[in-house]
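# Structure for this input, please:
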Amino acid sequence: MALQLKKLIPYAFAGWIPGGRKSCVLCGHHVWRFMPYRRGSRVVAPLMRTLDVVGSNVDHFECPRCGAHDRERHLFLYLKCSGVLARMRGRNILHFAPEKHLSNLISAQEPAEYVQADLYPNAPGVQRVDMLAMPFADGSFDVLIANHVLEHVPDASAALAEIFRVLKPGGETILQTPYSRKLQHTWEDAGIDTPQARLYAHGQEDHVRLFGRDIFERITAAGFESNVQLHADLLQAYDPATHGVNPAEPFFLFRKPG
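Alright, predicted model coming up:
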């Protein structure tokens, strides 16, 4: 009980006292600060800082009111301002590792079909789906979302091939993932096989690779057309500090030709 109270008190001060100047775009509340992931950048593996890894904003990670993470807030802004969210109306959507708040907003667009999927479902309505062997026919979906998923799958190339297969011609996919702006090539090795080794080499205990600058070429090599956009270009109206997002993270938007 004492431990739970110790954790809740910072959340209460950060999210429930009026007057905060930060803003969560998902719950609409103003807060004093976003809560860090674990202990924030102080616990980030030194190699991740050295390699200039772009990923979550670990110092301003969780909304103390609704619990939404920075990557969910950022993706919502990208989907909204790019027009992708509005284009979901009447379309078929496949969403891997569906985030709670984002899922509600997508459902509100009234898609024709909205499949929420995960390899290890932990919520009602989420289907068990292996991204490497999807049980869907070719050309089944108009939009596929995989927000911070590719760094977890055993075979990224096979996953990209499956994503390409199940998308309709002209379909769009969002493939946010951490990557290093310094690494020329993606780093993965079968010898990095323990949680501690993955934490130091890839940035998190369950990441099986650290993508390099070749991530964009790897995706287009799978057949996709790039429509990658930067925060500075697409989200000029949204201050990163106010909304607790990482402005260095681009919008990984790709399209299947057709």
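# Any chance of the backbone angles for the nearest residue to residue 204 once chain neighbours are set aside?
Once flanking residues are discounted, residue 204 sits nearest to residue 198: 6.8 Å by CB to CB, 6 or more residues apart in numbering. Every C-beta, even on glycine, is put in place using the N, C-alpha and C of the backbone. Dihedral pair for residue 198: phi -70, psi -40, per degrees, to the nearest 10.
# which residues touch residue 198?
Contacts of residue 198 were listed using CB atoms under 8 Å, 6 or more residues apart in numbering, and they are 192, 204, 205, 206, 207, 208.
# and it, how far is that from residue 191?
Taking CB to CB, to the nearest Å as the measure, residue 198 falls 11 Å from residue 191.
# before we move on, what about residue 61?
Counting by CB to CB - residue 61 and residue 191 are separated by 30 Å.
# Of those two, which one has the most company?
residue 61 (19 against 7; other CB atoms under 10 Å).
# number of nearby residues for the closest residue to that one other than its chain neighbours?
Distances taken as CB to CB, 6+ apart place residue 37 nearest to residue 61, at 4.0 Å, with adjacent residues excluded. Neighbour count of residue 37, defined by other CB under 10 Å: 19.
# wouldn't residue 37 be in contact with residue 55 here?
No. Residue 37 lies out of contact with residue 55 (CB atoms under 8 Å); the separation is 10.1 Å.
# next one: stretch 120-140 to chain centre, how far?
Centroid separation for stretch 120-140 versus its chain: 17 Å, with CA atoms, centre = their mean, to the nearest Å.
# and for that stretch, what are the contacting residues?
Stretch 120-140 is contacted by residues 92, 94, 96, 98, 100, 115-119, 146, 149, 153-155, 158-159, 162-163, 165-169, 171 when judged by CB under 8 Å, 6+ apart.
# Equivalent analysis for stretch 251-258, please.
By CB under 8 Å, 6+ apart, the residues outside stretch 251-258 that reach it are 78, 82, 84, 164, 167-177, 219-220, 223-231, 234.
# Apply 7 Å and report the result again.
78, 82, 164, 167, 169-177, 219, 223-229, 234 (CB atoms under 7 Å, 6 or more residues apart in numbering).
# Can you select the buried ones among these for me in PyMOL?
Buried subset of those, written as a PyMOL selection, criterion 16 or more other CB atoms under 10 Å:
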select buried, resi 78+82+164+167+171+172+173+174+175+176+177+219+224+229+234
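# Can you flag which of the contacts of stretch 251-258 belong to helices?
Among those, DSSP state H puts 78, 82, 164, 219, 234 in helices.
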